[in-house]
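A.B. asks: Only the shape, not the letters, is given here:
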């Protein structure tokens, strides 16, 4: 039996090489012409301990997990109970275990499972320097029909710095695993990949966000490491200097946000990256960016909360604080990437928005898109780069930094500009920037800051709208749930349901008029998100009425949403 996609889970304790094997398998599949997705799940300790690599290989572009796994390969069963729920098996799914690790735990068993035992440990011991993960990798690749030469080539590239002995033992392990496949029957194999033209990328959402920031014009980053956002900093650290930029690792999140305010005030587009706890600490200074009209971008890679929460798991839980967490009337922009690949576009677009409107933009990524890796076609070049209105001052004439312009955006002078000196601080001010307590000045500046956000032309980038023009049901979602919802909508349409996907990239300000147009004609609107309280639906209801019968479909992490459960909801009504 051949399939267009196959889902594989590999589990094991820290040091077993699960993530290395997953990465090699994904890259080898890409080399062979396939697309793929690799997520990861870790225990609460962040480093070490139990882990699982979660892969989906496909003949077509894919950025969503399937409903379950076709194959689960256990290097060992260490602490499997901690993430058993994250490893759903498809009907008839195959579990491959090593007898050296003991029997398959009872919690992994049910009537629909098939179990095969392969002595990975013993086989690796027969190879000088052999590793269990290489033997298992050779077996998996052969099972699903992945070209063995592509696998060997990828391992050779991956381990080229380890020396010839390591290469020889790894190749021997791959060969041994491939030969062991004769004892495993009835495994779904992938269809042959279609011929492809053009370049393809292997990229994570966090890497894509870093690239998007640079392509948007960012040349300064200040940040404090925090899971799961640290990968952005690790990508930017070697790459920013290549374009003349600088990264500073700060002592904490407060220093980080204030440093990017200083960098931007000096004329350099600036970014920081954090997660929920860090965003909470930054809110006062983000308010300073709004009041002083200093453009900054804050990438929030969300994780389970509140407080320290679940650092290694994903959840869409920071919408409330991102939109409403600043004190006073502080209009700013909140965006959310719709997929791993879209982290590039949305981050670049967010830099453009921040610079064009001279305000703060918060980008709501999360652990799912941030730390998962996918194979995508090389994205098209994006034209826009962040550009701010720079003042052309006249020496001797009074410079109005906060002039009441029609679009709310006032030309910003750079430090040292002759005649362009002004006060930039958090106190309310008049048009020159001089602090003022007058009600008229406060009202004028409040309206000015609001006007530039609400009147800005966001173009067609506000959302992805796809599906039947005469749809009866619309699935309305945001951020990382978009690709899961897209697959659910496509499955519903294949069953004859007239359905439409509206995946929103612009969270705030709410694009109410565009949403009404995108939802026109539907009798049901299903709002899908991954949090406990339905934060996005509550946010929308504060600004507009949704058409037809509105249904909330949401639940918290750490379990990711699956296409099948969204489909079941669509079909249940």
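C.D. replies: That came through fine. Everything numeric here is computed off the predicted structure, so don't read it as measured data.

A.B. asks: Let me know the outermost residue of the chain.
C.D. replies: No residue in the chain sits farther from the centre than residue 396, which is 49.6 Å out by C-alpha atoms, centre = their mean.

A.B. asks: So that one sits against residue 418, correct?
C.D. replies: No: with contacts counted by C-beta atoms under 8 Å, residue 396 stays clear of residue 418, the gap being 9.4 Å. In this view, the C-beta of every residue, glycine as well, is placed from N, C-alpha and C.

A.B. asks: helices or strands up against the helix or strand that residue 299 is a member of?
C.D. replies: Per DSSP states H and E, residue 299 falls inside strand 296-302. Applying 3 or more C-beta pairs under 8 Å, 6 or more residues apart in numbering; DSSP states H and E, one finds that strand 296-302 contacts helix 205-215, helix 253-265, strand 270-274, helix 276-292, helix 342-357, strand 360-366, helix 367-371.

A.B. asks: mean confidence for that strand?
C.D. replies: Taken as a whole, strand 296-302 has a mean pLDDT of 98.

A.B. asks: Heading C-terminal from that strand, find the next helix or strand.
C.D. replies: Proceeding C-terminally, strand 296-302 gives way to helix 319-324 as the next helix or strand, assigned by DSSP H and E.

A.B. asks: Determine how far that following helix lies from the middle of the whole chain.
C.D. replies: Relative to the centre of its chain, helix 319-324 is centred 18 Å away, using C-alpha atoms, centre = their mean, to the nearest Å.

A.B. asks: For it, list every residue counted as buried.
C.D. replies: For helix 319-324, a neighbour-count test (16 or more other C-beta atoms under 10 Å) marks 319, 321-323 as buried.

A.B. asks: residues in contact with it?
C.D. replies: Residues from elsewhere that reach helix 319-324 (C-beta atoms under 8 Å, 6 or more residues apart in numbering): 276, 279-280, 283, 300, 334, 362, 364, 478, 507-508, 531, 535-536, 539.

A.B. asks: For residue 78, state which of these is nearest.
C.D. replies: Minimum distance to residue 78 across the contacts of helix 319-324 is 28.9 Å, recorded for residue 276 (C-beta to C-beta).

A.B. asks: Would you confirm that that closest one contacts residue 318?
C.D. replies: Yes: under the criterion of C-beta under 8 Å, residue 276 makes contact with residue 318 at 4.9 Å.

A.B. asks: shared neighbours of these two, which are they?
C.D. replies: Shared contacts of residue 276 and residue 318 (C-beta under 8 Å, 6+ apart): 300, 302, 305.

A.B. asks: What are the buried residues along stretch 411-429?
C.D. replies: 411-413, 417, 420, 422, 424, 428-429.

A.B. asks: And it, end to end?
C.D. replies: Terminal residues of stretch 411-429 are spaced 16 Å apart (C-alpha to C-alpha, to the nearest Å).

A.B. asks: so where's the stretch 201-350 of the chain shaky on pLDDT?
C.D. replies: Across the stretch 201-350 of the chain, no stretch falls below the confidence threshold (pLDDT under 70).

A.B. asks: what separates the residue sitting nearest the centre point of the chain from residue 61, distance-wise?
C.D. replies: In the chain, the centroid-proximal residue (C-alpha atoms, centre = their mean) is residue 369; its distance is 2.4 Å. According to C-beta to C-beta, to the nearest Å, residue 369 stands 15 Å off from residue 61.

A.B. asks: do the same with residue 563
C.D. replies: Distance from residue 563 to residue 61, counting by C-beta to C-beta: 15 Å.

A.B. asks: Between those two, which has more neighbouring residues?
C.D. replies: Higher neighbour count among residue 563 and residue 61: residue 563, with 21 against 16, using other C-beta atoms under 10 Å.

A.B. asks: Residue 492 is in contact with the more buried one, correct?
C.D. replies: No: using C-beta under 8 Å, residue 563 makes no contact with residue 492, being 9.7 Å away.

A.B. asks: Leaving out sequence neighbours, find the closest residue to residue 493.
C.D. replies: Counting by C-beta to C-beta, 6 or more residues apart in numbering, residue 493 lies nearest to residue 499, which is 5.4 Å off, once chain neighbours are set aside.

A.B. asks: residues contacting the one you found?
C.D. replies: Per C-beta under 8 Å, 6+ apart, neighbours of residue 499: 467-468, 471-475, 489, 492-493, 570.

A.B. asks: where exactly do the helices run in the stretch 1-150 of the chain?
C.D. replies: For the stretch 1-150 of the chain, the helices defined by DSSP state H, counting those that start in this stretch occupy 18-31, 120-125, 132-144, 148-158.

A.B. asks: Tell me which residues are up against the first one.
C.D. replies: Taking C-beta under 8 Å, 6+ apart as the criterion, the residues outside helix 18-31 that touch it are 8, 10-12, 35-38, 40, 51-55, 57, 75, 133-134, 136-137, 140-141, 146-147, 150-151, 153-155, 158, 200, 202, 373, 375.

A.B. asks: hang on, isn't residue 254 packed against residue 280?
C.D. replies: No: contact criterion C-beta under 8 Å: residue 254 and residue 280 do not qualify, at 10.9 Å.

A.B. asks: For residue 168, grab the count of nearby residues.
C.D. replies: Residue 168 sits with 13 neighbouring residues when counted by other C-beta under 10 Å.

A.B. asks: just checking, it is part of a helix?
C.D. replies: Yes: with DSSP: H, G, I helix; E, B strand; the rest coil as the criterion, residue 168 is part of a helix.

A.B. asks: And it, how far from residue 158?
C.D. replies: Here the distance between residue 168 and residue 158 works out to 14 Å (C-beta to C-beta).

A.B. asks: Likewise for residue 208?
C.D. replies: Counting by C-beta to C-beta - residue 208 and residue 158 are separated by 21 Å.

A.B. asks: Settle it for me: which of those two has more neighbours?
C.D. replies: Taking other C-beta under 10 Å, residue 208 and residue 158 do not tie; residue 208 has more neighbours (30 against 16).

A.B. asks: how much space between that one and residue 225?
C.D. replies: On the measure of C-beta to C-beta, residue 208 and residue 225 end up 19 Å apart.

A.B. asks: what's the answer for residue 150, then?
C.D. replies: 35 Å.

A.B. asks: Which of these two has more residues huddled nearby?
C.D. replies: Between residue 150 and residue 225, counting by other C-beta under 10 Å, residue 150 is the more crowded of the two (18 against 15).

A.B. asks: count of residues packed around residue 105?
C.D. replies: Residue 105 sits with 14 neighbouring residues when counted by other C-beta under 10 Å.

A.B. asks: same deal with the one 10 residues further on?
C.D. replies: Residue neighbour count, defined by other C-beta under 10 Å, stands at 13 for residue 115.

A.B. asks: can you check residue 256 too?
C.D. replies: Per other C-beta under 10 Å, the neighbour tally for residue 256 reads 27.

A.B. asks: Just to check, it is in contact with residue 271?
C.D. replies: No: Residue 256 is beyond contact range of residue 271, at 10.0 Å (criterion: C-beta under 8 Å).

A.B. asks: picking that back up, quick check: the residue farthest from the centre of the chain vs residue 99, distance?
C.D. replies: Distance, residue 396 to residue 99, using C-beta to C-beta: 87 Å.

A.B. asks: again with residue 350
C.D. replies: 52 Å.

A.B. asks: So between the two, which is more surrounded?
C.D. replies: residue 350 (29 against 12).
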